[in-house]
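predicted model follows, preceded by the sequence.
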Amino acid sequence: MSDDGVAAYVRYESPVRHPRGHFPGVFVLVNGLAKEGKLTPEQERFRRVNNDWYDTAYPVPSKVDPSVYDNDVMPGAVAWFKVTATHLIERVPGYLKILDAHGIECRVVRSSDPGRVVYEDEFQVVVVPY
């Protein structure tokens, strides 16, 4: 999904739909590998250090609004970085490297209008796709 406008948002996601209908994002994909015990010790260290960094670097939408990812209330809601959040985006390649090492594809999607905004802060939006 992309559009003709100037992309204001970027998302890193699987090209394969989750059974609930959305395309899982880069963090969900890497955290899923960790939960399954598939990460090497080095990959797990990277994941833990960087997940902790992200948790302190910007708001966690579900902590601000617990309903934001509730599939009954906000079906298919997903987060997109604002392209201006470069300090957040610059750490994503390390996650992509982990996915690549495990043969898991992840695509970059850019959009100026990714969906109906249900949460927004200075770094990201959470949208319900159109």
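That came through, no problem. Numbers count the residues shown, from 1 in each chain.

that's a strand at residue 27, yeah?
No. Counting by DSSP: H, G, I helix; E, B strand; the rest coil, one finds residue 27 to be helix, located in no strand.

could you measure from the nearest residue to it once chain neighbours are set aside over to residue 10?
Distances taken as Cβ to Cβ, 6 or more residues apart in numbering place residue 95 nearest to residue 27, at 6.9 Å, with adjacent residues excluded. To be clear about C-beta, it is placed using only N, CA and C from the backbone, and glycine gets the same treatment. The gap separating residue 95 from residue 10 is 14 Å, by Cβ to Cβ, to the nearest Å.

the two: who's more crowded?
residue 95 (23 against 17; other Cβ atoms under 10 Å).

what does the helix or strand encompassing residue 12 contact?
For residue 12, the host element (DSSP states H and E) is strand 9-13. Residues from elsewhere that reach strand 9-13, judged by Cβ atoms under 8 Å, 6 or more residues apart in numbering: 23-26, 78-83, 89, 92, 95-96, 106-112, 114, 125.

nearest residue to the middle of this protein?
In the chain, the C-alpha nearest the mean C-alpha coordinate belongs to residue 25, at 3.9 Å (Cα atoms, centre = their mean).

so what's that residue up against?
For residue 25, the contacting residues are 11-14, 78-79, by Cβ under 8 Å, 6+ apart.

same check on residue 129?
By Cβ under 8 Å, 6+ apart, the contact list for residue 129 reads 22, 76, 78, 114-115.

same thing but at 10 Å, please
1, 21-23, 75-78, 111, 114-116 (Cβ atoms under 10 Å, 6 or more residues apart in numbering).

can you pick the most crowded of those residues?
residue 114 leads the contacts of residue 129 on contacts (other Cβ under 10 Å) with 25 neighbours.
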